[in-house]
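> here's a sequence, model it:
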Amino acid sequence: MSEASLAAAFEDEQAPGHAPYSLWAALRLWATLGWTSFGGPAAQIAMLQAELVEKRRWISPHRFLHALNYCMVLPGPEAQQLATYMGWLLHGPWGGIASGALFVLPSLLIMMVFGTLYVSFGELPEVQALLYGLKPAVLAIVLAASVRLGQRVLNGALWWVICGASLVLLLFKTPFVVVILLAGLTGWAAYLFSRGPLPGALQPRSVDFSQPEAPGFLIDDHTPPPERALADPRYLAAALGVGLAIWALLYGGLASYFGGILADMAGFFTKAALVTFGGAYAVLPYVFDVAVEQKGWVTTAQMMDGLALGETTPGPLVMVNAFIGFLAAAQHPDLNFVAIPVAGAMGALVATVFTFLPSFVFILAGAPWVEASRRIPALMAPLTAISSAVVAVIIDLGFTFARHILWPTHTAEASWRSLDVVAALISILAILLMLQFKMGMVRTLLACVAMGLLASALGLP
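Model (predicted):
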């Protein structure tokens with residue numbers, strides 16, 4: 001970028017119908033959203049639409065929905081990917097990198113602070129009382145997520161069969177990746193066999209480019225794509241090559257200088273980012289399977305605490321990975337040569353970078369082709385099948401959490417005599433608050449914390 005164009009990018013411009021537009025204005029917006037994007041991916045996407053489309057009129061509704069359709073078929077956190085796409089569309093690759101990073105950075109800093117406090121004070125009775133109410137809320141959140149996703153994707157007999165079969169496979173300890181691959185292949189085979197759209201399959205959000213939109217958008221349906229948006233195979237190869245080179249340099253540096261836990265986490269969180277279709281709740285079972293049951297980096301209780309903290313902080317829910325990375329590194333003997341907060345911060349940073357690096361590559365490499373096509377490929381049947389399997393995966397995770405929350409004595413055979421009745425009541429109430437009374441996530445968590453503190457004060461836990 002030349003000196004003149006760089007200066008122009010930082011100057012506020014006012015075009016008819018839309019808010020002042022500059023790189024500084026965009027950076028301020030991304031930073032603000034990073035600190036205020038509570039409520040999970042649906043709320044974050046709605047916030048992006050409200051700011052970019054309705055309030056500032058920088059992006060037309062059709063262009064916004066077209067980008068969202070692309071992000072929805074990718075593995076990884078769709079809200080962060082959409083923010084990256086919008087930044088790229090407005091200011092090119094560096095704009096995309098800035099928007100995606102600022103969307104995540106605040107929650108990373110918050111998780112580092114929470115991790116330090118958790119390691120230092122997590123065993124105090126007062127903190128345990130607070131967490132006692134949060135854990136049943138986490139169980140309710142996971143089960144409510146399975147209900148909401150099920151209502152969206154289980155709209156035909158085929159999808160119910162895939163969900164049920166996936167749940168059976170999971171109960172027999174079939175690896176997560178195998179279940180997801182089998183579901184996707186089943187959906188693809190069904191699509192090929194039907195030779196057309198399958199009943200109940202997810203459909204791209206309606207994007208009718210034949211209908212005119214209200215004037216005044218900075219980037220509307222008829223805005224010519226900038227040079228950076230041209231679908232050039234050389235650009236695609238370069239973007240993929242740069243992304244792979246960055247990954248290799250970072251991973252190689254960790255393996256050479258630290259090895260052990262940090263290199264293991266880098267490889268694992270990269271794999272998790274590449275195979276977890278269906279949003280943050282889809283990644284949780286895979287992270288639980290590896291980080292808790294296989295590697296033993298954290299305990300089930302610690303992961304549930306991290307999920308509860310992730311629900312109460314801004315940014316993508318998948319930032320629970322940063323909390324897990326913090327605890328895993330802080331507790332691991334490989335990093336005993338540095339202070340616990342420093343080791344934890346290193347782990348959180350590694351988890352975050354390798355979780356989100358694939359998303360940046362997907363957007364920066366693929367966005368020009370999406371802009372050129374303006375149509376979603378015939379991927380809806382496999383995506384619906386994968387989403388149906390994800391419903392089963394989330395239910396299975398809920399079963400696992402329920403065993404640890406409702407039967408905390410960890411007896412060999414859970415029985416009604418060993419049931420934690422208070423925790424069960426808090427979970428049921430949290431589910432009712434979210435599904436029946438439509439209470440927001442943060443308010444539900446605060447209500448559960450209050451109930452947990454009250455139960456502790458009464459000596460009930």
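> longest helix in the protein, by number of residues?
If you go by DSSP state H, the chain has its longest helix at helix 78-121.
> and that helix, how far out from the chain middle?
On the basis of C-alpha atoms, centre = their mean, to the nearest Å, helix 78-121 sits 11 Å off its chain's mean C-alpha point.
> next SSE downstream of that helix?
On the C-terminal side of helix 78-121, the closest following helix or strand by DSSP states H and E is helix 125-153.
> what is the mean pLDDT for that next one?
Averaged across helix 125-153, the pLDDT comes to 82.
> please name the residues that touch Gly87.
By C-beta atoms under 8 Å, 6 or more residues apart in numbering, Gly87 lies in contact with 26, 30, 95-100. Placement of C-beta: from N, CA and C, glycine included.
> now do it, the pLDDT please.
You'll see Gly87 listed with a pLDDT of 92.
> grab the nearest non-local neighbour of it.
Leaving aside its sequence neighbours, Gly87 sits nearest to Ser99 (C-beta to C-beta, 6 or more residues apart in numbering; 2.7 Å).
> before we move on, what about Gly100?
Leaving aside its chain neighbours, Gly100 sits nearest to Thr84 (3.5 Å; criterion: C-beta to C-beta, 6+ apart).
> hmm, back to that, just the angle between the longest helix of the chain and helix 125-153, please?
160 degrees (axes from the mean of the first three to the mean of the last three C-alpha atoms, to 10 degrees).
> residue ranges with poor pLDDT in the stretch 101-250 of the chain?
The model of the stretch 101-250 of the chain has pLDDT under 70 over residues 195-197, 200-217, 219-231.
> now with 90?
120-156, 170-181, 184, 187-188, 190-236, 238-239 (pLDDT under 90).
> ok, the stretch 251-400 of the chain next?
By pLDDT under 90, the low-scoring segments of the stretch 251-400 of the chain are 256-260, 274-286, 288-289, 293, 300-301, 304-318, 332-339, 366-400.
> so how many other residues sit close to Phe193?
Counted with other C-beta atoms under 10 Å, the neighbours of Phe193 add up to 8.
> what about it, distance to Thr352?
Counting by C-beta to C-beta, to the nearest Å, the separation of Phe193 from Thr352 is 42 Å.
> thinking again about what came up before, buried ones only from the contacts of Gly87, please, as a ChimeraX command.
Buried members of these, defined by 16 or more other C-beta atoms under 10 Å, are picked up in ChimeraX with:
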select :26,30,95,96,97,98,99,100
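> ok, now which ones touch Thr116?
Per C-beta under 8 Å, 6+ apart, neighbours of Thr116: 326, 340-341, 344.
> again, 7 Å this time
Thr116 makes contacts with 341, 344, as judged by C-beta atoms under 7 Å, 6 or more residues apart in numbering.
> just how off-centre is stretch 30-40 within its chain?
13 Å.
> list the buried residues of it.
30-31, 33-35, 37-40.
> which one of those is nearest to Tyr286?
Closest to Tyr286 out of those is Gly40 (18.4 Å), distances taken as C-beta to C-beta.
> which residue sits closest to that closest one, ignoring its sequence neighbours?
Nearest residue to Gly40 in three dimensions, chain neighbours excluded: Leu317, at 5.7 Å (C-beta to C-beta, 6+ apart).
> count of neighbours near that neighbour?
25.
> same check, this time on Lys55
By the criterion of other C-beta under 10 Å, Lys55 has 12 neighbours.
> which residues sit in contact with it?
Lys55 neighbours (C-beta under 7 Å, 6+ apart): none.
> and Ala348, by the same measure?
108, 111-112, 115, 322, 325-326.
> closest one to Phe288 out of those residues, please.
For the contacts of Ala348, the closest approach to Phe288 (C-beta to C-beta) belongs to Gly325, at 14.3 Å.
> once you drop chain neighbours, what's closest to the closest one?
Nearest residue to Gly325, sequence neighbours excluded (C-beta to C-beta, 6+ apart): Ala351, at 2.9 Å.
> quick check: the one you found touching Met265?
Yes - contact status for Ala351 versus Met265: in contact at 5.8 Å, counting by C-beta atoms under 7 Å.
> pick out whichever of the two has more residues nearby.
More crowded of Ala351 and Met265, by other C-beta under 10 Å: Ala351, with 31 against 27.
> mind checking which helix or strand that one is in?
Here Ala351 sits within helix 340-373, counting by DSSP H and E.
> what's the first helix or strand after that helix?
helix 380-406.
> before we move on, back to that, what's the most distant pair in the buried residues of stretch 30-40?
Greatest spatial distance in these: Ala31 and Gly40, 20.0 Å, computed using C-beta to C-beta.
> quick check, Val119 in contact with Phe323.
No - assessed by C-beta under 7 Å, Val119 is found out of contact with Phe323, at 10.8 Å.
> looking at those two, which one has more neighbours?
Shown here are Val119 and Phe323; by other C-beta under 10 Å, Phe323 has more neighbours (30 against 17).
> confirm that that one sits in a strand.
No - according to DSSP: H, G, I helix; E, B strand; the rest coil, Phe323 belongs to no strand; its state is helix.
> what about the nearest residue to it once chain neighbours are set aside, which helix or strand?
Among residues not flanking Phe323 along the chain, Gly306 sits closest, at 3.6 Å (C-beta to C-beta, 6+ apart). Under the criterion of DSSP H and E, Gly306 resides in helix 300-312.
> identify all contacting residues around that helix.
Residues contacting helix 300-312 (C-beta under 7 Å, 6+ apart): 114, 118, 131, 134-135, 137-138, 141, 284, 288, 291-292, 317, 319-320, 323-324, 327, 401, 404, 441-442, 445.
> what's the angle between that helix and helix 78-121?
Angle of helix 300-312 versus helix 78-121, following the same axes, to 10 degrees, is 130 degrees.
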